[in-house]
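Asker: pasted the sequence and its predicted model underneath.
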Amino acid sequence: MKRTKIKDCHNQTQPLENVFVKGWIRTKRDSKEFSFIEINDGSSLKNLQVLADAALKNYDDIKKLATGSAIAVKGKLVPSPGKGQQWELSAQFFDIIGESPSNYPLQKKRHTDEFLRTIAHLRPRTNKYGAMFRIRSELAYRIHSFFHHKGFQYIHTPIITGSDCEGAGELFQITTLDIANTDKLQVDFSRDFFGKEAFLTVSGQLAVEMFALSLGEVYTFGPTFRAENSNTRRHAAEFWMVEPEMAFYDLNDTISLAEQFIQTITHEIMNNCFDDIELFARFVDKQLMHTLNTIVQNKFERISYTEAVHLLKTSGKQFDYEVIHGKDLQAEHERYLTDDYFKKPVIVYNYPKTIKPFYMRLNDDQSTVAAMDILVPNIGEIIGGSQREERYDILLERMKETGIQTENYSWYLDSRVYGSAPHSGFGLGFERFLMLLTGVQNIRDVIPFPRTPKQLFF
Ligand code: 4AD
Ligand code: MG
């Protein structure tokens, strides 16, 4: 018999016979003759109320069931006389699939996020995390759909790589050598699996650039890894990145695409995950709807790095870190721009070349590059992108300047030899987008099984 999802039960307009659902018990109230059992199957935030009564042959066993148990129920979907739901399922057949003992960790009370991280394998059974991971799934789908409709091709870039795209040295090395028992300086990587050093990718950009210069408009969307030892609420060691890359786009074209991308998808998530988003607006961030509406309805602010530094220096605000032209903006500086000053997303462009990677296009002033970061309220940087250096000589010079071993990048340089063309792209932190959409403050709470320094749950 075909199973009905609880989400579809709630969407019914008429009573229905022979409805068959399966799920886990969230709460239960028993009296002598009948029990009200709230079950959830993960398809929606709303539970389904099941009415089980003494006419069921296993009613004595049903009465003993605890929260967390897995059950299957067949019956009639009828209007509910009780408050809070339109429909309830009057059980005619009740199967106990898997009992849960009374020490089930998720009892009916609010648990802290910190506690729930210690039971990351069970937390998707709570309202909040069920909602989170439905939104996460919808977000991934909407991202693919956005690019698909614009005619972009989806490219799978490698996870194992020999190059450090960002040049920041935050690579996780992978090896099959027994390096634990070898003096680090003595390790002979020519004997390693690939015959040379190998790492987990920090970004698919360099690879996807090759496809922009052949298929035109492309994107990669996959896991990336950074051995950044910063224990902040917005950094994870494993996170997903969306990286579009477009031939014949300049920096402004890329900025416009990025802005449209964030606005369109925010709007779609608000419309298509309404119940789940509303939970976050009620219990996690009271400002959430205001923040999201601001994003969708207003053009983002655009300001050069030099202007931003000037604005911060003359703000009269005391920062923990001094604002220095030529240094990275700190989180507190970014927050001032988005949360206090402009009160909306801010696009900062033309950064000093000294604080950006080798591949960004050198501007005519010879000191800045055609880079852009998009900063958003609550989070800070959500997107980093740039126009790429397409001029062979300048690129080679920048590689040498930044200490890149050019012999490993001959393939990359080749793209600037054979029909080089202007191109641009950006990387969006998928988890940071989820934090923005839900108001959740810690990246650990938007990833199914987060990986952060000293934290590897399994
Ligand atoms: O600014 P990033 O380092 O840019 C790149 O990697 C470029 N190669 C992207 C490109 O142009 N194709 O990273 C891009 C975004 C950041 O803006 C941030 O949202 C996210 O990735 N990000 C992280 N998210 C979670 N945890 C971390 N440790 C992150 N590091 C970067
Ligand atoms: Mg960045």
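Answerer: Noted; the coordinates are in hand. Ligands and ions are numbered 1, 2, ... in the order given.
Asker: okay, residue 168: pLDDT?
Answerer: The model reports residue 168 with a pLDDT of 85.
Asker: for it, pull up the helix or strand it's in.
Answerer: Under DSSP states H and E, no helix or strand contains residue 168.
Asker: ok, the residue nearest to it when sequence neighbours are not counted - how many residues close by?
Answerer: Closest residue in space to residue 168, ignoring its immediate chain neighbours: residue 202 at 7.4 Å, by Cβ to Cβ, 6 or more residues apart in numbering. Glycine gets a C-beta too; all of them are placed from N, C-alpha and C. Residue 202 has 24 neighbours, counted by other Cβ atoms under 10 Å.
Asker: next one: the one 10 residues further on
Answerer: Other residues within reach of residue 212, judged by other Cβ under 10 Å, total 27.
Asker: just to confirm, which helix or strand has the residue nearest to residue 168 in it?
Answerer: Using DSSP H and E, no helix or strand contains residue 202.
Asker: go on, residue 269?
Answerer: helix 251-272.
Asker: run through the residues of this protein sitting next to ligand 1.
Answerer: By the rule Cβ under 6 Å from any ligand atom, the part of the chain lying against ligand 1 is 165-166, 203, 205, 226, 228, 235-236, 239, 241, 243, 381-385, 425-427, 429, 431-432, 443.
Asker: what's downstream of the strand or helix carrying residue 140, the next helix or strand?
Answerer: Using DSSP H and E, residue 140 sits in helix 127-149. Next along the chain after helix 127-149, taking DSSP H and E as the criterion, comes strand 153-154.
Asker: that following strand: how far from the chain's middle?
Answerer: Averaging C-alpha positions (Cα atoms, centre = their mean, to the nearest Å) puts strand 153-154 19 Å from its chain's average.
Asker: also stretch 16-26?
Answerer: The answer for stretch 16-26 is 32 Å, by Cα atoms, centre = their mean.
Asker: give the buried residues for it.
Answerer: 16, 19, 21, 22, 23, 24, 25, 26 (16 or more other Cβ atoms under 10 Å).
Asker: what of stretch 294-310?
Answerer: For stretch 294-310, by 16+ other Cβ under 10 Å, it's 294, 295, 300, 301, 303, 305, 306, 308, 309.
Asker: name the nearest residue to the last one, ignoring sequence neighbours.
Answerer: The shortest distance from residue 309 to any non-neighbouring residue, by Cβ to Cβ, 6+ apart, is to residue 325 (4.9 Å).
Asker: gap between the one you found and residue 384?
Answerer: The gap separating residue 325 from residue 384 is 19 Å, by Cβ to Cβ, to the nearest Å.
Asker: same question, residue 115
Answerer: Note on residue 115: its distance to residue 384, by Cβ to Cβ, is 34 Å.
Asker: give me the more crowded residue out of these two.
Answerer: Set side by side, residue 115 and residue 384 show more neighbours around residue 384, with 22 against 11, by other Cβ under 10 Å.
Asker: in what helix or strand does the residue of the chain most remote from its centre lie?
Answerer: Residue farthest from the centre of the chain, counting by Cα atoms, centre = their mean, is residue 55 at 48.1 Å. Using DSSP H and E, residue 55 is not contained in any helix or strand.
Asker: which ones among the buried residues of stretch 16-26 map onto helices?
Answerer: Among those, no residue falls in helices (DSSP state H).
Asker: mind putting the residues you listed into CSV with pLDDT?
Answerer: Converted to CSV, those look like this (pLDDT from 0 to 100):
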residue, pLDDT
16, 96
19, 97
21, 98
22, 98
23, 98
24, 98
25, 97
26, 96
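Asker: turn those residues into JSON lines, including distance to residue 318.
Answerer: Output for these, formatted as JSON lines (distance: Cβ to Cβ, whole Å):
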{"residue": "16", "distance to residue 318": "64"}
{"residue": "19", "distance to residue 318": "62"}
{"residue": "21", "distance to residue 318": "58"}
{"residue": "22", "distance to residue 318": "58"}
{"residue": "23", "distance to residue 318": "53"}
{"residue": "24", "distance to residue 318": "51"}
{"residue": "25", "distance to residue 318": "53"}
{"residue": "26", "distance to residue 318": "48"}
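Asker: understood, closing this out.
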